[in-house]
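Enquirer: predicted model and sequence follow; I will ask about them next.
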Amino acid sequence: WRVGAGEAHTCVLLSSGHIQCWGENHYGELGDGSTTNTDTPVEVQGITTAIQVSAGLEYTCALLSSGHIECWGENAYGELGDGNTSETDTPVEVQGITTATQVTAGANHTCALLSSGHVQCWGRNSSGQLGNGTTTSTDTPVEVQGITTATQVTAGGEDTCALLSSGQIQCWGNDTFGQLGKGEKNSDVPVKVPGVKTAIQVTAGYYHSCAVLSGGHIQCWGSNNSGQLGNGTTERAKGPVEAQGITTATRVTASIYHTCALLSNGEVRCWGSNFAGDLGNGTTTNSDTPVEVDGITTATEVVAGWNYTCALLSGSQVRCWGSNDVGQLGNGTGNVDTPVDVEGIASATQVSAGLYHTCALLLSDQIECWGSGGSGLLGDGSTSDTDTPVEVQGITAATQVSSGQTHTCALLSSYHIACWGNNSHGELGDGTNTGPEDCFGIIDPCSKTPVEVQGITTAIQVSAGGPHTCALLASGHIQCWGQNYSGELGNGSTGDTDTPVEVQGITTAIQVSAGLEYTCALLSSGHVQCWGAGGFGQLGNGSASHTDTPVEVQGITTAIQVSAGVWHTCAVLISGQVQCWGENDHGELGNGTTSGPEKCGPEAACSKTPAEVQSITTATQVSAGGRHTCALLSSGHIECWGRNNWAQLGNGTTTDADTPVEVQGIATATQVSAAGWAHSCALLSSGELQCWGDNEIGQVGNGTAWSTLPTEVLGIP
């Protein structure tokens, strides 16, 4: 969450880790050291490493890369969590929170999701919204009872809801209007919302709640006096009802009397109260069914404030609409019923390491790559190597980049995909395996600039593997294309294809990761399924056999992310622990051995089922590379393990490690990519990129020789 909308103020997280806010500032909720309203953005004081922002009623909170939380503004009920009830116009630290992965600010209470899957809340507790079995307010965090596998939490008016790894939702607090989904009876401990089993996101408004289901539908429950449930009526609902006409939602946001959904194609739909133009459709007429917001086609996030709404667009532009009585739209005008640009918001947002090259997604939505240019890998129209970044031609609206072994792909804001590089197996997905160029003769057909993948129009993630590529669709299905020698396309065959084919039996995926000759998917249930080459146990199903359809990884039920490497795979669990399986000759499984427990070949040590990585308990992301692995911790530090012959572990040595070692000098990372054969890269909260390891072809991007320690990539703003 990079945009937060409160009662009458708005905040945006910048790629630098700073935060800017605008609108009402009566209690210091803008955090700029004053209590003066402003209709243009001002900077929050002292925040430089934020990774998420959430705006409450008249206060704001930020999650820092360290796992700590800072809040500012109104504090009458202790909602700032700093041990007192004094308001403040600059950030103060929430007491006792050091491993948070998400923060949510409600009306007068705040909650944090911890890396353990537990939830802690603080502030007003008049209806039991803190979930600790009491109705006593508190100015420091208390533990929510019985929640141990949460993946998201949302604080509403006087209620709170949590999404569990199972896809179920539990809510607690005020149920006067049915917002807990259990029949209008308050509860000071979590209760299960009936009938919701496949949720992927939940939002609590002030008197109603909504959830996005894995298939892209939305269900809502609670108050409906303005049609905010979207089901064509204005009757309240004690249990979930379906919002009409929404089938491709990826996110939902609820305020007091209106609701909005982000669709997979970048459009936004809103419904409910519209007296100030809250729905953004050019009218001020309420609607009890979803209506299209005018002119929004590339949104990546949407948030609903009290009587207004804001959307973050793919170019990091922010547009808002609705009430503007205290400047909350950030454009110096009055109320508007169609979106207007926020003034003064502009400024790498993602890094991806391939075999011998690296690419970065910039805030401008362009992509720059460096390293090996063979097969047109860098997308700049040449096959020349470069040790500093060059711009990929023709990409102006990317939202994600994925570097494969010898090709690269980008997800575009249109939910289409473009790829470039080697195409000898059809891995570019453009219906050919012949070019348009032959980069090194007839045996190496390639494209030196991006070409569009055929038939993909609703992608929400792309993963480039060895000579194959896979895309996650908004429907929860997966499509793959390219080499299929080992069944890595998952369609029940072993024949290559130069256009996408559907993976069999996958309908609830939330992430896909393509390895060398195999693929893995994370399901909304927290389970993981893999398919393709299994000779080193990398499918995790207890065998070393190939399979051309998905098989379940044994013992993984609470995963929140999966990464497929060359011959091994790793997953982050909701507990913050990491488990890995597959080849282990160099300690890449991180379990303190290089010996198995099995032999998958005459010389290869491996584990055919998941083994726990030692000493990792606060991971938020893992990346599996050639024969090494790196994990991002909630503190912003990175730890790596496995092969280290090219210093790819970043600890200043070239000695292999079968347990995690800390990457030196990295303390504010927000993403890590170890998918290169022998190099790794990290994105810092400042937007700076640092890489380390093998630099033989310039893939570290520092213009010099290889480095045993992280060095800054040149030319990335």
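Expert: Received the coordinates, thanks. Residues are numbered from 1 along each chain as shown.
Enquirer: you'd agree Gly266 is up against Ala299?
Expert: Yes. With contact taken as C-beta atoms under 8 Å, Gly266 and Ala299 are classed as touching, separated by 5.2 Å. Any C-beta I mention is one placed from the backbone N, CA and C, and that applies to glycine too.
Enquirer: now do the shared contacts for these two.
Expert: Shared contacts of Gly266 and Ala299 (C-beta atoms under 8 Å, 6 or more residues apart in numbering): Ser314.
Enquirer: of these two, which one has the most company?
Expert: Ala299 (25 against 21; other C-beta atoms under 10 Å).
Enquirer: can you pull the pLDDT of the more buried one?
Expert: pLDDT, Ala299: 88.
Enquirer: beta partners for it?
Expert: Leu313 (DSSP bridges).
Enquirer: what's the answer for Cys369, then?
Expert: Cys359, Val390.
Enquirer: gap between it and Thr399?
Expert: Distance check for Cys369 against Thr399: by C-beta to C-beta, to the nearest Å, it reads 16 Å.
Enquirer: compare those two (neighbour count), which wins?
Expert: Each of Cys369 and Thr399 has its neighbours counted (other C-beta under 10 Å); Cys369 has more, 28 against 23.
Enquirer: what does Ser525 show for phi and psi?
Expert: Ser525 adopts backbone torsions of phi -80, psi -10, taken as degrees, to the nearest 10.
Enquirer: tell me how far it lies from Gln400.
Expert: 24 Å.
Enquirer: repeat that for Glu712.
Expert: From Glu712 across to Gln400, the span is 23 Å (C-beta to C-beta).
Enquirer: same question, Val551
Expert: Taking C-beta to C-beta, one finds Val551 at 27 Å from Gln400.
Enquirer: higher neighbour count, the two?
Expert: Gln400 (19 against 16).
Enquirer: bridged to that one, which residues?
Expert: Leu411.
Enquirer: pretty sure it sits against Ser413.
Expert: No. Contact criterion C-beta under 8 Å: Gln400 and Ser413 do not qualify, at 10.0 Å.
Enquirer: show me what contacts Leu411?
Expert: Neighbours of Leu411 in contact, by C-beta under 8 Å, 6+ apart: 398-402, 417, 459-462, 471.
Enquirer: do the same with Asp89
Expert: Per C-beta under 8 Å, 6+ apart, neighbours of Asp89: 25, 27-28, 30-35, 72-73.
Enquirer: next: Ile666.
Expert: Contacts of Ile666 (C-beta under 8 Å, 6+ apart): 636-638, 650, 682, 684, 690, 710.
Enquirer: kindly report the same for Gly381.
Expert: 393, 448-449.
Enquirer: let's see that with 10 Å instead.
Expert: 373, 390, 392-394, 420, 437, 447-449 (C-beta atoms under 10 Å, 6 or more residues apart in numbering).
Enquirer: drop anything exposed from the residues you listed.
Expert: Those of those that meet the buried threshold are 373, 390, 392-393, 420, 437, 447-449, by 16 or more other C-beta atoms under 10 Å.
Enquirer: and of these, the nearest to Thr40?
Expert: Among those, Val392 lies closest to Thr40 (C-beta to C-beta), at 33.6 Å.
Enquirer: skipping its backbone neighbours, what lies nearest the closest one in space?
Expert: Nearest residue to Val392 in three dimensions, chain neighbours excluded: Gly379, at 3.6 Å (C-beta to C-beta, 6 or more residues apart in numbering).
Enquirer: secondary structure class for that neighbour?
Expert: coil (DSSP: H, G, I helix; E, B strand; the rest coil).
Enquirer: does it touch Pro389 like I think?
Expert: No. Here Gly379 does not reach Pro389: they are 11.4 Å apart, not a contact under C-beta atoms under 10 Å.
Enquirer: hey, what's in contact with both of these two?
Expert: Counting by C-beta under 10 Å, 6+ apart, the residues touching both Gly379 and Pro389 are 359, 367-369.
Enquirer: and after the helix-or-strand element of the chain with minimal mean pLDDT, which helix or strand comes next?
Expert: Using mean pLDDT, DSSP states H and E, strand 437-438 stands out as the lowest-scoring helix or strand of the chain, at a mean of 60. The helix or strand immediately downstream of strand 437-438 is strand 445-452, counting by DSSP states H and E.
Enquirer: which residues of the stretch 251-400 of the chain fall in strands?
Expert: 258-263, 268-272, 287-292, 299-304, 308-313, 318-322, 336-341, 350-353, 357-361, 367-371, 386-391, 398-403 (DSSP state E, counting those that start in this stretch).
Enquirer: any chance of those strands in CSV, plus distance to Leu589?
Expert: Shown next, in CSV, are these (distance: least, C-beta to C-beta, whole Å):
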stretch, distance to Leu589
strand 258-263, 38
strand 268-272, 43
strand 287-292, 47
strand 299-304, 35
strand 308-313, 38
strand 318-322, 43
strand 336-341, 49
strand 350-353, 20
strand 357-361, 25
strand 367-371, 27
strand 386-391, 32
strand 398-403, 23
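Enquirer: hey, least reliable of the ones you listed by pLDDT?
Expert: strand 350-353 (a mean of 79).
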